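>>> here's my sequence, what's the structure:
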Amino acid sequence: MVAKKNLCVLILAAGKGTRMKSPLPKPLHIVCGLPIIAHILKAAQALGPAAIGIVVGHEAQTVVNAIQAGLSQWGITAPVVFVQQTELTGSASAVKAAIPLLQKFETVLVLNGDTPLLKAQSLARMTEVFEQNEAGALVLGVTVPDPSGYGRIIRAEDGSFENIVEDSDADEETKKIAEINSGMYVFNSHSLQTALTQLTPQGPKREYYLTDTLALIKQMNQPVVVFAGRDYQQALGINSKAQLAEAEQIMRDRVAAELMDEGVTLVRPREVYIDPGVKIGTDTRICPGCYICGNTVIGKNCEIEGNVYIKDSVIGDNVTLKMGTYIEESQVEACCQLGPYAHLRPKSVLKKGAKVGNFSEIKKSVIGEGSKVNHLSYIGDTQMGAGVNVGAGTITCNYDGKNKHQTLIGDHVFVGSNVNFVAPVTVHEYAKIGAGSTITKEVPAESLAIARSRQVVLEKKGVKKND
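Numbering: from 1, shown residues only. This is a model prediction of the structure:
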């Protein structure tokens, strides 16, 4: 999307969120693997704005620190400016605190900091309608099943904007209106700034309401437009843990629907947990109980059995992940097989056709093409060649108490069961390691290494038979 030099997005994220019953600031609560504010920032970034302003208040430094730490990961390249709201006297006060920023731009898109379900396409359409109507202001209106508690949008007979009536001020007839004010707007920056200076405090708390700027802009003979959002869920704000869970389910349902439309098979769509941004190829089949998180890419024709966990990893085509497999920050090439209950820790690589089986753990290692680590083994800090067979119970002893050391295993090595490699150690191609050996020295190519004591049998020294 082409960057809009005159557009500033302003996100209001200064509230306390007391109904969340948590010391964590509301914008930092997690929905589908990302903080609420991250979802909003990603939608704003898609517009190509000249700047994004974030109004902070409650636990301001905590919010600022978390956002600054995540901007690169979330793909936010627009300049982000933080604005401190010192007077918590309503939504208009939050916007007023940002006037020094807003003065630099022609158009301002105002968003709430608790609406993670917003879609970039909707925001883009809002700004387009605003520009087409040469409006002074545009408000996003949505029709909801239960409008109680929300301000109602009042339209004139011709359907144009007339005003907004708060729920507390509405008569019975007005309360029947289901189209409500979402609290999100597009403004002509100069008109907004002028209206903000003319506001008077309202209600028992003597607060300044941003909704009142619409009437003032209308009095300036500038058009005020209602943009009717088709999907009210995009405007849902999060004010409680129950609403947090609802937003999570809505977003996961969206992700599942999009993936199935692209040819992915989800056996029970509501029983898999897939983050937005995860990419999965056609005809991959995913069973219930799986968590696929972060920046994960999965290829075509994969079989992913139940209760598999994958995070920030790349999985190639035609891979089988059996029950209970756990993978993080790793790469699995085509035609590999893992599990059941295999564990890939970060920086692990499985080359094409490799196998890692029951209760085997791989850490920061490369398992070569066609190699097998099938049972009950730990392979850490290891470079393993192609065609290696690793017997059950094998361990690469990579830590000496102070430092980590590497094990190098060449192509087509055969490792018997219950072998310990005490790193640093190198085993060259086509070598064989006898079962039960502890290998501490280099093993030449095409040799047999046996490092265990000779079996000694002492007659009549076993367990005595009972009389």
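
>>> pLDDT below threshold where in the protein?
Counting by pLDDT under 70, the chain shows low-confidence ranges at 1-5, 462-467.

>>> quick one: the helices in it?
Along the chain, counting by DSSP state H, helices occupy 36-45, 60-74, 91-96, 99-102, 120-132, 172-175, 189-198, 212-219, 241-261.

>>> check which helices and strands the first one sits against.
If contacts are counted by 3 or more Cβ pairs under 8 Å, 6 or more residues apart in numbering; DSSP states H and E, helix 36-45 sits against strand 4-13, strand 49-56, helix 60-74, strand 107-112, helix 120-132. Using the backbone N, CA and C atoms, a C-beta is placed for each residue, glycine as well.

>>> what residues sit buried inside that helix?
Neighbour-count burial for helix 36-45, counted by 16 or more other Cβ atoms under 10 Å, picks out 36-45.

>>> which pair of these spans the longest distance?
The most widely separated members of those, counting by Cβ to Cβ, are 36 and 45 (15.2 Å).

>>> show me what stretch 244-258 is in contact with.
With contact meaning Cβ atoms under 8 Å, 6 or more residues apart in numbering, stretch 244-258 is reached by 20, 29, 31-32, 39, 116-117, 233, 236, 238, 266, 269-270, 272-276, 278.

>>> which of these count as buried?
Counted by 16+ other Cβ under 10 Å, these give 20, 29, 31-32, 39, 116-117, 233, 236, 238, 266, 269, 272-276, 278 as buried.

>>> on that earlier part again, as TSV, the helices of the chain with distance to residue 398 would be great.
Shown next, in TSV, are the helices of the chain (distance: least, Cβ to Cβ, whole Å):
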stretch	distance to residue 398
helix 36-45	36
helix 60-74	29
helix 91-96	54
helix 99-102	52
helix 120-132	46
helix 172-175	69
helix 189-198	60
helix 212-219	64
helix 241-261	38
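
>>> tell me which of those sits nearest to residue 148.
helix 172-175 (7.3 Å).

>>> counting by contacts, list what the closest one packs against.
strand 152-155.

>>> in the strand it packs on, what's buried?
152-153, 155.

>>> cool, and stretch 293-311?
293-294, 296-300, 302-311.

>>> still on that earlier bit, quick one: the helices and strands packed on helix 36-45 as CSV, columns for mean neighbour count too.
Listed next are the helices and strands packed on helix 36-45 as CSV, based on neighbours: other Cβ atoms under 10 Å:
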stretch, mean neighbour count
strand 4-13, 23
strand 49-56, 24
helix 60-74, 15
strand 107-112, 24
helix 120-132, 16
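
>>> please name whichever of these is nearest to residue 83.
Using Cβ to Cβ, the helices and strands packed on helix 36-45 put strand 49-56 closest to residue 83, at 4.8 Å.

>>> give the pairing partners of that closest one; include direction for each.
strand 4-13 (parallel), strand 80-84 (parallel) (DSSP bridges).

>>> show me which positions of the last one end up buried.
For strand 80-84, a neighbour-count test (16+ other Cβ under 10 Å) marks 80-83 as buried.

>>> now the residues you listed as TSV including distance to residue 420?
Below are these laid out as TSV (distance: Cβ to Cβ, whole Å):
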residue	distance to residue 420
80	52
81	57
82	54
83	60
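
>>> closest one of those residues to residue 192?
Nearest member of the buried residues of strand 80-84 to residue 192, counting by Cβ to Cβ, is residue 83, at 14.5 Å.

>>> the closest residue to residue 41 other than its chain neighbours: what's it in contact with?
Leaving aside its sequence neighbours, residue 41 sits nearest to residue 76 (Cβ to Cβ, 6 or more residues apart in numbering; 5.3 Å). Residue 76 makes contact with 41-42, 45, 52, according to Cβ under 8 Å, 6+ apart.
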